[in-house]
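Chemist: Sequence plus predicted model, see below.
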Amino acid sequence: MKRTICLLLTFIMAVSACSVMHPEETTTVSSKDVTQVTTTETTEATTTTTTATETAPEPTKAPEPIKFNPHVYSKILSDEFCTEEYWEALYNCIDALRAGEDSFECKSEKAYKFATDEVTLGALYPVACTFVKGSGFKDGKAKIKYKIDKDEFLERTRKFEAEIERMLNEAIRSDYSDFEKILGLYQYIGKNFSYDYDMEDSPSTDEFGNYACLMYKDGICTEIAAAYAYLLLQVGVEALEVEEFSKLCHSWTYVVLDGRGYFVDATWSLTSDPAFDVDLQYFLQTDEERAEDGCDVDEDDLSLVHWWKRDYDREKYKATDDKYRFLHDHSILRGIYPEEKMIRYYTMMGEDKEYNYGDL
């Protein structure tokens with residue numbers, strides 16, 4: 001009896017096993033289904049990766065280096081007297097000088113005289129001042145005479161342009177705002193230039209004027225004011241030298257910031273030591289403050305404008321906005337922080353302060 005039951009159980013288990021393992025009833029996954037699953041998983045992974053790439057912040061790009069600009073421009077000069085014909089003649093002259101050529105195209109004798117005048121070149125292409133001169137104009141052609149060997153002159157231009165680039169890139173960045181450019185170059189001159197107390201002993205023209213001031217980092221007030229203006233024009237900031245010889249006999253610089261005129265006296269920023277901080281007393285001043293310093297603001301002139309147009313309206317270039325007067329109680333600049341749009345400075349009493357210019 002027991003044997004019969006065991007045989008019966010064995011038979012039932014065998015039948016059940018065959019039923020589970022029968023090939024016709026086995027669940028299978030086709031190659032098509034496998035492809036669909038794989039594709040779905042891959043697409044999901046790819047989508048995730050693409051989304052992550054699109055939302056990832058781009059790396060900050062370094063600003064482009066500042067390049068020397070042979071064709072600086074002043075809107076003030078254009079407004080007062082410098083026609084398109086004058087600018088064209090000047091730029092043609094500068095291009096010819098940089099290439100060592102002996103002539104350039106020019107539409108009129110007046111434009112020729114403007115382009116080759118020492119005062120014009122001293123302000124707008126200083127390396128050529130006193131070393132070249134115009135030697136005649138006829139039928140749309142202006143001639144140039146070099147006062148030194150032409151190869152020597154070309155080497156001077158290369159060194160000059162390289163030095164201007166070096167200074168600009170050391171002092172400021174190409175992505176600076178106008179405020180940062182004006183302040184950065186003011187600080188640079190204050191720390192790196194010095195006053196030339198021995199100017200009277202200078203034996204040659206190579207040791208005075210805007211060119212010498214820029215190359216050798218020293219000069220008197222008129223040279224420092226002109227050098228500062230030229231560096232600002234290089235980076236697109238309106239700036240011209242101001243002179244006043246009736247009372248104080250002094251020069252400084254007129255700058256335009258946010259459509260308003262201000263005075264900057266870079267001579268008084270000189271520290272005589274790069275380790276010293278720069279005084280902000282003479283940065284972005286008004287006519288009233290210039291008068292308080294002893295200047296005759298009724299007799300000051302934009303020197304390059306005055307040279308070519310004696311009867312211009314001085315009232316157009318008065319500085320009346322006192323927005324920055326709070327800096328002029330002998331505040332000392334600690335540093336400029338462009339990322340934060342802030343400068344840090346301290347007072348004569350030793351108080352540390354900040355000024356946020358982010359809304360400029």
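Modeler: It's in.
Chemist: average model confidence for stretch 285-295?
Modeler: Across stretch 285-295, pLDDT averages out at 94.
Chemist: likewise stretch 71-80?
Modeler: 98.
Chemist: Pull that stretch out as PDB, backbone CA atoms only.
Modeler: Extracted C-alpha coordinates of stretch 71-80, given in PDB (Å, rounded to 0.1, in the frame of the first residue of the first chain):
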ATOM      1  CA  HIS A  71      43.600 106.300 -34.300                       C
ATOM      2  CA  VAL A  72      42.400 107.800 -31.000                       C
ATOM      3  CA  TYR A  73      39.300 110.000 -31.200                       C
ATOM      4  CA  SER A  74      37.800 112.900 -29.300                       C
ATOM      5  CA  LYS A  75      34.200 113.900 -29.700                       C
ATOM      6  CA  ILE A  76      35.000 117.300 -28.200                       C
ATOM      7  CA  LEU A  77      37.400 118.000 -30.900                       C
ATOM      8  CA  SER A  78      34.800 117.000 -33.500                       C
ATOM      9  CA  ASP A  79      32.200 119.200 -31.900                       C
ATOM     10  CA  GLU A  80      34.500 122.200 -31.900                       C
END
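Chemist: buried residues in that stretch?
Modeler: 72, 74, 76, 77, 80 (16 or more other Cβ atoms under 10 Å). For the C-beta atoms, the positions are set from N, CA and C on the backbone; glycine is no exception.
Chemist: What does residue 219 show for phi and psi?
Modeler: Backbone geometry at residue 219, expressed as degrees, to the nearest 10, gives phi 170, psi 180.
Chemist: ditto for the one 3 residues further on
Modeler: The phi and psi torsions at residue 222 (degrees, to the nearest 10) take the values phi -70, psi -30.
Chemist: quick revisit: among the buried residues of stretch 71-80, which are in strands?
Modeler: With DSSP state E as the criterion, strands contain none of the buried residues of stretch 71-80.
Chemist: ok, those vs residue 310, which is closest?
Modeler: If you rank those by distance to residue 310 using Cβ to Cβ, residue 80 comes first, at 11.0 Å.
Chemist: Do I have it right that that closest one meets residue 305?
Modeler: Yes - taking contacts as Cβ atoms under 8 Å, residue 80 lies within contact range of residue 305: 5.1 Å.
Chemist: what's the overlap in contacts for these two?
Modeler: Residues touching both residue 80 and residue 305 (Cβ atoms under 8 Å, 6 or more residues apart in numbering): residue 312.
Chemist: now, which of the buried residues of stretch 71-80 sits nearest residue 261?
Modeler: Nearest member of the buried residues of stretch 71-80 to residue 261, counting by Cβ to Cβ, is residue 76, at 9.4 Å.
Chemist: Now do the same contact list for that closest one.
Modeler: Here residue 76 is in contact with 238, 240, 256, 302, 305, 317 (Cβ under 8 Å, 6+ apart).
Chemist: For the third one, grab the count of nearby residues.
Modeler: Put plainly, it is residue 256. Residue 256 has 20 neighbours, counted by other Cβ atoms under 10 Å.
Chemist: That one falls within a helix, correct?
Modeler: No - Residue 256 is assigned strand when assessed by DSSP: H, G, I helix; E, B strand; the rest coil, not a helix.
Chemist: Identify the residue spatially nearest to it, adjacent ones excluded.
Modeler: residue 238 (3.8 Å; Cβ to Cβ, 6 or more residues apart in numbering).
Chemist: Next, that neighbour: phi, psi?
Modeler: Torsion angles, degrees, to the nearest 10, at residue 238: phi -60, psi 120.
Chemist: Could you measure from it over to residue 144?
Modeler: Distance, residue 238 to residue 144, using Cβ to Cβ, to the nearest Å: 29 Å.
Chemist: and what of residue 326?
Modeler: 50 Å.
Chemist: next one: residue 188
Modeler: Residue 188 is 33 Å from residue 144, by Cβ to Cβ.
Chemist: re earlier: could you check which of residue 326 and residue 144 is surrounded by more residues?
Modeler: Between residue 326 and residue 144, counted using other Cβ under 10 Å, the more crowded position is residue 144 (21 against 11).
Chemist: was I right about residue 227 contacting residue 215?
Modeler: No - applying Cβ under 8 Å as the test, residue 227 and residue 215 come out as separate, 9.7 Å apart.
Chemist: tell me the domain ranges of the chain?
Modeler: Taking automatic domain parsing as the reference, the chain has its domains at 66-171, 173-356.
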